[in-house]
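Visitor: Sequence plus predicted model, see below.
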Amino acid sequence: MKELEHDSRNNLEGLKGWLNPSRYGWERISYWFQRITGVFLLIYFIGHVYETSTIVNGQNAWESFLELTQTVWGHLFLIMVIGASTFHSANGIRLIFTHVGIGLGTPGRPDYPYNPSSLNYRQKSGIWIALILSAAAMYYGFTVLFGE
Amino acid sequence: MNNSNKNNKDEKKIVLKIFRENTAQKTDRHYDKFNVPYKKWTTVLDALLHVKSYMDPSVAIRYSCRMASCGSCGMKINGIPRLACYTKISELETSTIECEPLPNLPVIRDLVTDFSRFFNHHKNVQPYIQSNDGVDDSDTEKKTFSFYQSPDDVDKYLQFSYCIKCGLCYSACPTVGTDLKFPGPQALAQLYRYFADTRDEAKNRLDIVDDRHGIWRCHFAGSCSKVCPKGVDPALGIQLLRSYMLGISKNEKKLAKKIEIKTNEENI
């Protein structure tokens, strides 16, 4: 079928489609968090490799760089890393199962009001568990880093 | 109180905010607002047709069956892709209803979008039964055989065959929004529909989506299943297909038996 003459990217949502993830329910929120935490952790790992590589410039260089994480903002950044990695891992395990068809239900004859079996309570529970684990890990990190 | 007065009293009004653009004439994008009367049973499509009939006949919309069967009147209503004929104003519970064209499909005019790309993806997955063991189209036309399928066999694909190609899932998909080569939930679910059909013997259909822009780009946001007005659940079909392609699924496909049909003449 020949496309009409107009810009094919006209009306494309692009990254704007990620904004306001609550429009489509918990699964879309989970998708959004998974992507955001993934990008955040990638940035962290690049920074982490750079940080550890400063050891080649001697102990002073290493320690002065490490002091960055001993500030209030450094602690808050590390708490974010703890939360992001916990959510990304827990939700990632759920996604591995779904990607191989586990926990989604089986095809059947849909009846009104058409509740899709792939968006069942097991999936929602998995998302909530990932969020709760993430919050708990962040709280624990907060008590360790800001304790005393 | 007579009936007409009672009806007028029951009649409420809603603000319908309609997206306007004519890409051929390169007009600026803007919204027009209309105060439209509605009742408990008025759908968004009814309200749009009221605007066309009594306020502004130039508003462009695509519609046909008015009963969620043709899939023509898909549009973004209050930020979510829905069928206008299947969405009651009273259920939206807002004082303003915003109607926009379906995202990820190029706008032709106002609320009408170009489905060419969407249908091309659908066509690319070969959405038809293919038989490879000497039975050709002429046999099918002569109806010299029939397939035997049990109800369980039918249940494996029936849900996915309810697709009306309305494009709502394609619009809701965040991957489509960033990758135009991605076939989208509709095409992938249709591929699974034919793959799961025991009458089908296509050998290379899975190769079509075994690509970095293919099935592997789906990250299970589930929005396709959320907006589907027919309960097709494309996300389920895609994950089941991926499971098979990864070699995890142990569901070996058993082909339907072909039973020859004897004509009346032969029986005599």
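Guide: All right, it came through fine.

Visitor: Other residues contacting the helix or strand bottoming out on mean pLDDT in chain A?
Guide: Lowest on mean pLDDT, DSSP states H and E among the helices and strands of chain A sits helix A:59-66, with a mean of 86. Residues outside helix A:59-66 that contact it (CB atoms under 8 Å, 6 or more residues apart in numbering or on different chains): A:E51, A:T54, A:I55. Yep, even glycine has a C-beta here, placed from its N, CA and C like the rest.

Visitor: Tell me how many other residues crowd the last one.
Guide: For A:I55, the number of neighbouring residues by other CB atoms under 10 Å in any protein chain shown comes to 13.

Visitor: Identify the residue nearest it in space, chain neighbours excluded?
Guide: Spatially, and ignoring its direct neighbours in sequence, A:I55 is nearest to A:W62 (4.7 Å; CB to CB, 6 or more residues apart in numbering or on different chains).

Visitor: Can you pull the domain assignment for chain B?
Guide: Annotated domains of chain B cover B:3-113, B:116-257 [automatic domain parsing].

Visitor: JSON lines please, covering those domains and showing mean neighbour count, mean pLDDT and distance to chain A.
Guide: Below are the domains of chain B laid out as JSON lines (neighbours: other CB atoms under 10 Å in any protein chain shown; pLDDT from 0 to 100; distance: least, CB to the nearest CB, whole Å):
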{"stretch": "domain B:3-113", "mean neighbour count": "17", "mean pLDDT": "92", "distance to chain A": "4"}
{"stretch": "domain B:116-257", "mean neighbour count": "19", "mean pLDDT": "89", "distance to chain A": "3"}
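
Visitor: ok, B:K76 to B:P183 distance?
Guide: 21 Å (CB to CB, to the nearest Å).

Visitor: If you could redo that for A:N120, that was the one I meant.
Guide: Taken as CB to CB, the span from A:N120 to B:P183 is 25 Å.

Visitor: repeat for A:G103
Guide: A:G103 is 24 Å from B:P183, where distance means CB to CB.

Visitor: Tell me where the model's unsure across chain A.
Guide: By pLDDT under 70, the low-scoring segments of chain A are A:1-6, A:8, A:148.

Visitor: what about the helices in it?
Guide: Remark: helices assigned in chain A by DSSP state H are A:26-53, A:59-66, A:72-99, A:121-146.

Visitor: So which of those helices is nearest B:F195?
Guide: helix A:72-99 (16.9 Å; CB to CB).

Visitor: The closest one vs chain B: in contact?
Guide: Yes. Against chain B, helix A:72-99 shows contacts by CB under 8 Å from any CB of the partner chain at A:L95, A:T98, A:H99.

Visitor: The second one: neighbour count?
Guide: Just to be clear, that refers to A:T98. 23.

Visitor: contacting residues around it?
Guide: A:T98 neighbours (CB under 8 Å, 6+ apart): A:L104, A:S118, A:Q123, B:F220, B:Q239.

Visitor: just to revisit the earlier point, dump the residues of helix A:72-99 next to chain B into CSV; add distance to B:D28 as well.
Guide: CSV is the format used below for the residues of helix A:72-99 next to chain B (distance: CB to CB, whole Å):
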residue, distance to B:D28
A:L95, 42
A:T98, 43
A:H99, 44
